[in-house]
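Peer 1: Got a predicted structure here, sequence first:
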Amino acid sequence: MRDDVLRSVAVGLAFLIVLGTVTPGAQGTAGQDAPTARQSGASTLDGCTTVDEPGRYVLTQDVRNASVDTCIRVTTNDVTLDGAGHAVDGVGAFGSAGVLVTAGSNVTVRNVTATDWDDGVRLTGIAGATVTNTTTARNRVGLSLVSLRDSTVVDNVARSNAVAGTFLVGASRNNVLRNTTVTDNALVGLQLVEARDNTLVDTVARRNEFGVALFGARGNDVGDTVATNNSIAGVWLSGASDNRVRNSRVSNPFYGIYLADGARNNTIVSNLARNNAVGVRLRSSHGNTIRSNRVFDSSDTGILLISSDDNRVVGNRGADNRRDVVVSSASQGNVLANNTLGPANAGG
């Protein structure tokens, strides 16, 4: 079911990793960067600039149709950039960024809207950062977090971006992403690529192709997600290992939670899958635990294993699934126990 599409998406996501290495702000067709903000000693910003001294900076007005490569660039530690609810708007140039942070540590970005950039807000190689109350829309990637460490990302909205809403990639680890809302992004709402040991809590992902996607990611905790009306899958783990997906609600046209492409040793526990074609699907995924989930009203299958070995599917319950638990003949060594998913087991 849509496997060719999924393989194409995987290739596209790999391409996205390459695109993620582009550094916005390099000299190019989008124009030059503006002068530095602190040349006059001011702590207010009224346009595009570079912040190169510690301190608190407040944006005092909207910036519209900026044609620079990077509008606000932060290059030093110990900075708070407060957008004060204002917008930083570009012209959609490749390699551009509305806000770009390349400092080493202790930078806060808050209360800003970034639209019409390649990356709306981008942090690269930062430790101890805080990103809160940002809105990113109509960019290629809304909120791009590259090699982010030990940071807090809270109450951010990414919508209607051309590839991904929020993107956590590379050597990103030990971050907390909480109350992330990702809607109407063309490919992925919230995507982790090779990121490790992060916590994603209270994500709302709607009307993307994939709500939350873990691509080669390890040791992440995905909890209390609401992933609904995403056109392919609510939560997708591709080549991902040792992750935990828990206490989430998924309702999508094709797959609720989908493990594929060598996903290993993941735990899918205490989730509610309702009104998907397949509630939980594994393809070429091994050694995973699917436990204590509730699966209802699957138009095809409650839990489906295809070419997947040594998985534990135990203690799942539900009702009104067309088929309950189905394991293909190519799958081996799976343990199935105490699952009650058939139509006779009514309840919710």
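Peer 2: Noted; the coordinates are in hand. Numbering: from 1, shown residues only.

Peer 1: Which residue ranges of the stretch 1-150 of the chain form strands?
Peer 2: For the stretch 1-150 of the chain, the strands defined by DSSP state E, counting those that start in this stretch cover 44-45, 49-51, 55-59, 70-74, 79-82, 87-89, 97-101, 107-110, 113-115, 119-124, 130-132, 135-137, 141-146.

Peer 1: Packing partners of the second one?
Peer 2: What it means is strand 49-51. Packing partners of strand 49-51 (3 or more Cβ pairs under 8 Å, 6 or more residues apart in numbering; DSSP states H and E): strand 70-74. All C-beta spots, glycine's among them, are computed from the backbone N, C-alpha and C.

Peer 1: Grab the CA positions of the strand it packs on and hand them over as CSV.
Peer 2: The C-alpha coordinates for strand 70-74 follow below in CSV (Å, rounded to 0.1, in the frame of the first residue of the first chain):
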residue,chain,number,x,y,z
THR,A,70,20.1,36.4,6.2
CYS,A,71,17.9,39.0,7.9
ILE,A,72,18.9,38.6,11.5
ARG,A,73,22.1,36.8,12.2
VAL,A,74,23.3,36.0,15.7
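
Peer 1: quick one: it to strand 55-59, angle?
Peer 2: Strand 70-74 and strand 55-59 are oriented at 160 degrees to each other (axes from the mean of the first three to the mean of the last three Cα atoms, to 10 degrees).

Peer 1: by contact count, what packs against strand 70-74?
Peer 2: Contact analysis of strand 70-74 by 3+ Cβ pairs under 8 Å, 6+ apart lists strand 49-51, strand 97-101 as its packing neighbours.

Peer 1: out of those strands, nearest to Thr301?
Peer 2: strand 97-101 (43.4 Å; Cβ to Cβ).

Peer 1: ok, that closest one: who's next to it in the sheet?
Peer 2: According to DSSP bridges, strand 97-101 forms sheet pairs with strand 70-74 (parallel), strand 119-124 (parallel).

Peer 1: Tabulate those (JSON lines), appending mean pLDDT, distance to Gly223 and mean neighbour count.
Peer 2: As requested, the strands paired with strand 97-101 are exported to JSON lines (pLDDT from 0 to 100; distance: least, Cβ to Cβ, whole Å; neighbours: other Cβ atoms under 10 Å):
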{"stretch": "strand 70-74", "mean pLDDT": "98", "distance to Gly223": "31", "mean neighbour count": "28"}
{"stretch": "strand 119-124", "mean pLDDT": "98", "distance to Gly223": "23", "mean neighbour count": "28"}
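
Peer 1: closest to Ala171 out of those strands?
Peer 2: Evaluated with Cβ to Cβ, those place strand 119-124 nearest to Ala171, the distance being 10.8 Å.

Peer 1: rewinding a little: and the strands paired with strand 97-101: which comes nearest Arg312?
Peer 2: That would be strand 119-124 among the strands paired with strand 97-101, by Cβ to Cβ, at 38.1 Å.

Peer 1: Ile257 is nearest to which of the strands of the stretch 1-150 of the chain?
Peer 2: Smallest distance to Ile257 across the strands of the stretch 1-150 of the chain (Cβ to Cβ): 23.5 Å, for strand 141-146.

Peer 1: which of the helices and strands packed on strand 70-74 sits most buried?
Peer 2: Scoring those by mean neighbour count under mean count of other Cβ atoms under 10 Å gives strand 97-101 as the most buried, with a mean of 28.
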